[in-house]
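> Let me see the structure of the following:
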Amino acid sequence: MSTHTPGPWKARIRRQGSHVTGPDGFSVAHVGTDANARLIAAAPDLLEACRLACLVMAKGNGLSYADRREAHEAVIAAIHKAEGTA
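This next block holds a predicted model:
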């Protein structure tokens, strides 16, 4: 399995074309639209949120309220980042 550039990634919205940068500031992807740049930039956050959500679903009530809340907040934050409302 290949690895990806670690996050956080940021969408850089420019008139001449949007792109996504990694934590080192180097480009991860060049994309044509602002919405695609935001979605790609949110990919590492969405992956982590999905991992947390799966843990919550697998353990159910075996997790504390704080752990379940953390997973929920991670999912909401990743969605907002992807939608550009963060």
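
> In the helix or strand of the chain with the lowest mean pLDDT, which residues are buried?
Least confident helix or strand of the chain, by mean pLDDT, DSSP states H and E, is strand 27-31 with a mean of 82. Of the residues in strand 27-31, Val28, Ala29, Val31 count as buried by neighbour count, 16 or more other CB atoms under 10 Å. Any C-beta I mention is one placed from the backbone N, CA and C, and that applies to glycine too.

> what's the closest non-adjacent residue to Ala35?
Gly84 (7.3 Å; CB to CB, 6 or more residues apart in numbering).

> pLDDT at that neighbour, what is it?
Gly84 carries a pLDDT value of 82.

> number of nearby residues for it?
15 (other CB atoms under 10 Å).

> Partner strands of the least confident helix or strand of the chain and their direction?
strand 18-21 (antiparallel) (DSSP bridges).

> ok, residues contacting the strand it pairs with?
9-12, 27-34, 36-37, 40-41 (CB atoms under 8 Å, 6 or more residues apart in numbering).

> Tell me where this protein has helices.
34-41, 43-59, 65-83 (DSSP state H).

> so what secondary structure elements neighbour the second one?
Using 3 or more CB pairs under 8 Å, 6 or more residues apart in numbering; DSSP states H and E, the elements in contact with helix 43-59 are helix 65-83.

> Okay, the residue nearest to the spatial centre of the chain and Ala86: tell me how far apart.
In the chain, the residue lying closest to the centroid (CA atoms, centre = their mean) is Asp45, at 2.3 Å. Separation of Asp45 from Ala86 (CB to CB, to the nearest Å) stands at 9 Å.

> can you list residues touching both of the two?
Ala77.

> Tell me who's in contact with Ala82.
Contacts of Ala82 by CB under 8 Å, 6+ apart are Arg38, Leu39, Ala41, Ala42, Asp45, Leu46.

> can we see that at 6 Å?
For Ala82, the contacting residues are Arg38, Leu39, Ala42, by CB atoms under 6 Å, 6 or more residues apart in numbering.

> so the first one makes contact with Gly84?
Right, Arg38. Yes - with contacts counted by CB atoms under 6 Å, Arg38 reaches Gly84, the gap being 4.6 Å.

> of the buried residues of strand 27-31, closest to Ser64?
Checking those against Ser64 with CB to CB, the nearest one is Val28 at 34.7 Å.
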